[in-house]
Every structure is written in C-alpha cells, then in structure tokens.
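> have a look at this prediction, sequence included:
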Amino acid sequence: MKKILVTGASGFIGSHLVELLLRNGFNVKAFIRYNSRNNWGFIEDINLKNEIEIFTGDIRDYDSVYKALKGCSSVFHLAALIGIPYSYISPKSYIETNINGTYNILQVANQLDMEQILITSTSEVYGTAKYVPIDENHPLNPQSPYSATKIASDQLSMSFYYSFSLPIKIVRPFNNYGPRQSSRAVIPSIITQLLLGKKEIKIGNITPTRDFTFVEDTCNAFLEIYKSEKLFGEIVNVGTGKEISIEKLFYKIISLLKKNKEDFSLLTDMQRVRKYGSEVERLLCDNSKLLKNTNWKQCYNLDDGLKKTIEWISNNITIYKDIYNV
Ligand SMILES: NC(=O)c1ccc[n+]([C@@H]2O[C@H](COP(=O)([O-])OP(=O)(O)OC[C@H]3O[C@@H](n4cnc5c(N)ncnc54)[C@H](O)[C@@H]3O)[C@@H](O)[C@H]2O)c1
C-alpha cells in the first residue's frame, strides 16, 4: 500500500484524519513537530498508533520536509499556525509556518514523483460574507494575518498546479469542532467553563455566525476529495450549509447540558474580541461543489456533534483546567 504523509498529524483535525486513514487501510506517516520531550500530541491517543510511521521535524525546514516526503505517494498538508489572536502578535511566525511551510511541501513534492498534494485552506480566507452561501468564487479578503498567510499558501499552491502541473487539490474547511480541539476555540471554551461550574461565561463577540462542521465529517471530506479523479487544481469548500450565531450556540450548549439559561450570564472577554475590521461577521458554506463531485455526506448534525464533544471534554477536563485557573 502506498504511503500517505499527514502534516499537522498531532493536532486536532490531523489526528482524526490519521485515524480515518488507518481505518481505511492506508499506510500513514505522521509528520510531528520536533520537541525534546518526544511528545506526539494527540497521536498518543490513537488506538492504532503502533501502525503509524512517526517522523519528527519542522515544516519550516526544507531538509526535514524532503526526508519526510521521500517514499510517500501523497500528502495531506495540515500543519499550520491557526490562532487568529496570536497572528496579530506575531504575523512573521505565520508567514514562516503557513507560507514557507507550504512552499517546502510544494517544492519538495515537485522534485519527487507524487500522486496528490492536498493543501488545507480555511473559510477565513473569504472574510465577512459579501453574499451567502459562500461558494469557491467568493472574493478573498484577508481580515487577519492568519487569513493572509492561508490565502498566500493557497495561491502558491495553485501556481504550482498551473506552472508545473503539480497534482494539487485545495480543501477549504469552514469552522470545525469536536474532541481534541483547543480550548481557545469557542465551542470547547463554552463547554469547559460550563462543566467547571462557572456562572459568568467569558467569550468574544456573540453576534457573528459560523458554519460548524464536526471534525469527523471534515476528515471524511478530505478522504472523498482525495478519492476524486476530477478535483485536481480545484478548491473545494467543506461545510454543512447551516449557520448559527455564537449567542444561539451558547444557549444550545446550555440546553444540551440540561442547565437553565437564567442561571448564566455572558461576559465579553476582551482578549477574545477581534480588533476593529478584523472580525469576520458571517460565514456560511456553499458545499455544492463537494456534494456534486464526491460521495460526501454530513453524518453529524450540530446537536449530535456537540454531544460527542461534551462527552469527550467531560472525560478529559484536566487538559483544559489550567487555562481557567481552576
Ligand atoms: N480548526 C478549524 O476550525 C479549522 C478550520 C479551517 C481550516 N483549518 C486548518 O486545518 C489545519 C489543522 O488545524 P487544527 O485545527 O487541527 O489545528 P492544530 O493547531 O490542532 O494543528 C496544527 C498542527 O500543525 C502543527 N505545526 C505547527 N507548526 C509546525 C511546524 N513548524 N512544523 C511542524 N508542524 C507544525 C502543530 O504541531 C499541530 O499539530 C490548519 O491548516 C488550519 O488552518 C482549521
């Protein structure tokens, strides 16, 4: 069986993708950011971890990317810096990881004989919707340095498709949620505060709407896009086609936890509020290209996915505790 490299494998989406690929019989090599503790992040939690080839390196380092890709037929490139607030503080680190990292993948892949290169984009590249639902032709608007580096990474990838016929596909997920997500993201943040017994729940802006996809559905989309013969040189949105405001999401989580909404108040956490002009007010996915060209189906509606997420966070609450000083 041919080998697939997954970068960002120790992270939230990457670890679920590795599990899915293993379950489907693929030979997986996991690219994990080198650290002196030899910590494999969420790969440590995977049942079939003994079947994975682990490669430790740094996506910013051409040599390690070359060594990692050698012997692989395809790559799912997910490694990135993803936090929007930190991209205000250190844009350069996003340029180095998200743009130079993707450049390394493309340039190495162009020297090796590879079958497919799947690049991970994000709905943040669209900025606040100018029309809904957002299809792949929607204009790009970099409302944060994070978004700008993902736009650059996507454009560089397309240029390698046009210039060198590199077999690129760009997967563009809208917001994800599920087990293992960082508590910096809104859903784990709300769930954790509620589970820890807080009555004043701190979150950022509550008016923006998002299209939330359960992480396993997103990983299925990666696999379906990989299987498609038609999507080379194409960008494909991955989302559900439904939106919810952060405020409504908050009350939905309260009701799933069987708590009374009157017992809680929402406080604005200024550290989570995006700077003026940077907030993306509305993201709603047009997923018709994905539906038309693949066999992808959404398996988890928001309630089902949230229940699975709540269950996982309840069982792993110690991972989240420090952030709230409990
Ligand atoms: N989470 C979402 O809602 C969402 C939505 C759209 C797109 N995405 C994209 O999906 C991908 C994965 O995101 P995630 O949510 O799993 O984030 P994550 O932070 O959990 O995972 C990112 C991974 O990249 C790795 N990484 C960072 N810098 C590295 C380096 N220098 N060398 C090697 N590895 C490095 C990290 O170790 C981590 O494993 C990213 O490309 C992100 O832009 C995420």
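Thanks, I have the structure now. Quick caveat, the model's predicted, so the values are computed rather than measured.
> tell me which element V171 is part of?
strand 168-173 (DSSP states H and E).
> with the ligand in mind, check whether that strand reaches it.
Yes: Strand 168-173 comes into contact with the ligand (CB under 6 Å from any ligand atom), by way of P173. Every C-beta, even on glycine, is put in place using the N, C-alpha and C of the backbone.
> name the strands paired with that strand and say parallel or antiparallel.
Within its sheet, strand 168-173 is paired with strand 116-120 (parallel), strand 235-238 (parallel), according to DSSP bridges.
> give me the residue from this protein nearest the ligand.
Closest to the ligand within the chain is G11: 2.2 Å, counting by CB to the nearest ligand atom.
> and that residue, what does it touch?
41-42, 78-79 (CB atoms under 8 Å, 6 or more residues apart in numbering).
> apply 10 Å and report the result again.
G11 sits next to 17, 32-33, 41-43, 78-80, 82, 180-182 when contact means CB atoms under 10 Å, 6 or more residues apart in numbering.
> please enumerate the strands of the protein.
3-7, 27-33, 53-57, 74-77, 116-120, 168-173, 176-177, 200-203, 209-210, 213-214, 235-238, 244-245, 265-268 (DSSP state E).
> pLDDT value on Y66, please?
We have a pLDDT of 98 for Y66.
> that one contacts N104, correct?
Yes: counting by CB atoms under 10 Å, Y66 touches N104, with 8.0 Å between them.
> between the two, who's got more neighbours?
Shown here are Y66 and N104; by other CB atoms under 10 Å, N104 has more neighbours (23 against 16).
> list the contacts for the nearest residue to that one once chain neighbours are set aside?
In space, N104 comes closest to V65 once its chain neighbours are excluded; the distance is 4.1 Å by CB to CB, 6 or more residues apart in numbering. By CB under 10 Å, 6+ apart, the contact set of V65 is 5, 7, 31, 55, 57-59, 75, 77, 79, 101, 103-109.
> can I get the lowest-mean-pLDDT helix or strand in the chain as PDB, trimmed to CA atoms?
Within the chain, confidence by mean pLDDT, DSSP states H and E is lowest for helix 317-321 among all helices and strands, at a mean of 84. Provided in PDB are the C-alpha atoms of helix 317-321 (Å, rounded to 0.1, in the frame of the first residue of the first chain):
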ATOM      1  CA  ILE A 317     -11.300  18.100  31.600                       C
ATOM      2  CA  THR A 318      -7.900  18.100  33.200                       C
ATOM      3  CA  ILE A 319      -6.400  19.100  29.800                       C
ATOM      4  CA  TYR A 320      -8.500  22.300  29.900                       C
ATOM      5  CA  LYS A 321      -8.300  23.200  33.600                       C
END
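> so how far is it off the chain centroid?
Taking CA atoms, centre = their mean, to the nearest Å, one finds helix 317-321 lying 21 Å from the centre of the chain it belongs to.
> can you tell me what sits against it?
180, 182-183, 188-189, 191-193, 195-196, 313, 326.
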